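Asker: okay, here's the prediction I keep looking at, along with the sequence it came from:
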Amino acid sequence: MNKKIKKMPKVELHLHLDGSVKTSTANELLNKDVTSKMKVDKDVTDLNNYLEKFAIPVSLMQTKENLIKISKELAEDLKKENVIYAEIRFAPLKHIEQGLTQEEVIDSVLEGLHKVDIKTNLILCAMRGDSNENNKIVVDLTKKYLNKGVCALDLAGAEALFKTKEYKELFEYAKSLSVPFTIHAGEADGIESIEDAMSFGTKRLGHGVRIEESKETLQKIIDNNITLEVCPTSNINTKVFPSYNEHNIKRLYDLGVKVTINTDNRTVSNITITEEYIRLKDTFHFTIKDFHHMNLNAINAAFITEKEKTSLRNIINNF
């Protein structure tokens, strides 16, 4: 079955560019071995600790050449795993430290992705803890590039330190510009973050796995067809669940929650999408049919046109 998993067409909705920089590339660019500083170890205690692993990749992603190279390599790796569509996210304002404009940053990432024959879109991340002014710039950039390689806005960062409710005005602004969005919620913070994200009108949640803390909110998720971008290995890394066996993806799936499978950060979590599927198969006995169903969930929730969705569904259904 593992060979079939590798061959099957896959869709990934929750994938951070800076968390997926190849260690071999970082080592080459820095001329030293920084592998251990880019991957989680057993000492990671929570999300904030996990986020420290992004320092080196972000420091490298400050030139056009590096942004093009890193994006191209990620697209190549996804294509090798038979990913047929991916939404890749990053925070453009984190990559202007050496003089690039925000547009140059986005253009460079798109140039790298477009060097590979794989369908991708970018999600631009506003950051918790950043100024309202800066986050509004990200909304404006999302609007500017919408349907030109960018498909949506996200809110990422230290969820427990900067509460979701503080970003109500930001998402009202996004809605006023007809900018689609997803929101990280229900990972480092609990039900309140999920409720707040839902009140803003999101149809997707980055993680959202703490939904079981409220039966009422769980039912709302089901009734409103809200899709969860679930990243099992990452959730173990950040101590949302004590072990893979105790992850709730199977329970949520069995209840009818629209779950999707994602890696979050290929390098930081030391995981590929194929390995994630195999772990889920080994741990929870998910079948190819289950994975097929979760990929259809991902297509249905993707920030693309109905015509594009139909094309992707045909590929999935013909496997």
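Answerer: All right, it came through fine.

Asker: check the protein for me, the residue farthest from its geometric middle.
Answerer: Asn31 (29.1 Å; C-alpha atoms, centre = their mean).

Asker: quick one, strands of the stretch 101-250 of the chain?
Answerer: When assigned using DSSP state E, counting those that start in this stretch, the strands of the stretch 101-250 of the chain occupy the ranges 119-127, 150-156, 183-185, 204-207, 227-230.

Asker: export these to JSON lines and append columns for distance to Val240 and mean neighbour count.
Answerer: Every C-beta, even on glycine, is put in place using the N, C-alpha and C of the backbone. As requested, those are arranged in JSON lines below (distance: least, C-beta to C-beta, whole Å; neighbours: other C-beta atoms under 10 Å):
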{"stretch": "strand 119-127", "distance to Val240": "20", "mean neighbour count": "25"}
{"stretch": "strand 150-156", "distance to Val240": "16", "mean neighbour count": "24"}
{"stretch": "strand 183-185", "distance to Val240": "12", "mean neighbour count": "27"}
{"stretch": "strand 204-207", "distance to Val240": "8", "mean neighbour count": "27"}
{"stretch": "strand 227-230", "distance to Val240": "11", "mean neighbour count": "26"}
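
Asker: out of these, which comes closest to Lys281?
Answerer: Among these, strand 227-230 comes nearest to Lys281, with 14.9 Å by C-beta to C-beta.

Asker: chain center to that closest one, what's the gap?
Answerer: The chain centroid and the centroid of strand 227-230 are separated by 9 Å under C-alpha atoms, centre = their mean, to the nearest Å.

Asker: Arg313 touches Ile299, doesn't it?
Answerer: Yes. With contact defined as C-beta atoms under 8 Å, Arg313 counts as touching Ile299 (5.7 Å).

Asker: more neighbours: the two, which one.
Answerer: For the pair Arg313 and Ile299, the greater number of neighbours falls to Ile299 (22 against 14), based on other C-beta atoms under 10 Å.

Asker: what ranges does the stretch 101-250 of the chain have for its helices?
Answerer: In the stretch 101-250 of the chain, the helices defined using DSSP state H, counting those that start in this stretch lie at 102-113, 132-145, 168-176, 191-199, 215-223, 232-237, 249-255.

Asker: which of those helices sits most buried?
Answerer: Mean neighbour count (mean count of other C-beta atoms under 10 Å) peaks for helix 232-237 among these, with a mean of 24.

Asker: where in the stretch 51-200 of the chain is pLDDT low?
Answerer: For the stretch 51-200 of the chain, applying pLDDT under 70 flags no range at all.

Asker: which positions in stretch 89-102 come out as buried?
Answerer: Buried positions in stretch 89-102, judged by neighbour count with 16 or more other C-beta atoms under 10 Å: Arg89, Phe90, Ala91, Pro92, Leu93, Lys94, His95, Leu100, Gln102.

Asker: any chance of those in CSV, plus distance to Asp140 and secondary structure?
Answerer: As requested, the buried residues of stretch 89-102 are exported to CSV (distance: C-beta to C-beta, whole Å; DSSP: H, G, I helix; E, B strand; the rest coil):
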residue, distance to Asp140, secondary structure
Arg89, 17, strand
Phe90, 16, strand
Ala91, 14, coil
Pro92, 11, helix
Leu93, 12, helix
Lys94, 17, helix
His95, 17, helix
Leu100, 17, coil
Gln102, 9, helix
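
Asker: show me which pair in the residues you listed is furthest apart.
Answerer: Of all pairs in those, the most separated under C-beta to C-beta is Arg89 and Leu100 at 18.3 Å.

Asker: pretty sure Lys22 contacts Glu73?
Answerer: Yes. Lys22 sits in contact with Glu73 when judged by C-beta under 8 Å, with a separation of 5.5 Å.

Asker: what do the two both touch?
Answerer: Shared between the contact lists of Lys22 and Glu73 (criterion: C-beta atoms under 8 Å, 6 or more residues apart in numbering) there are no residues.
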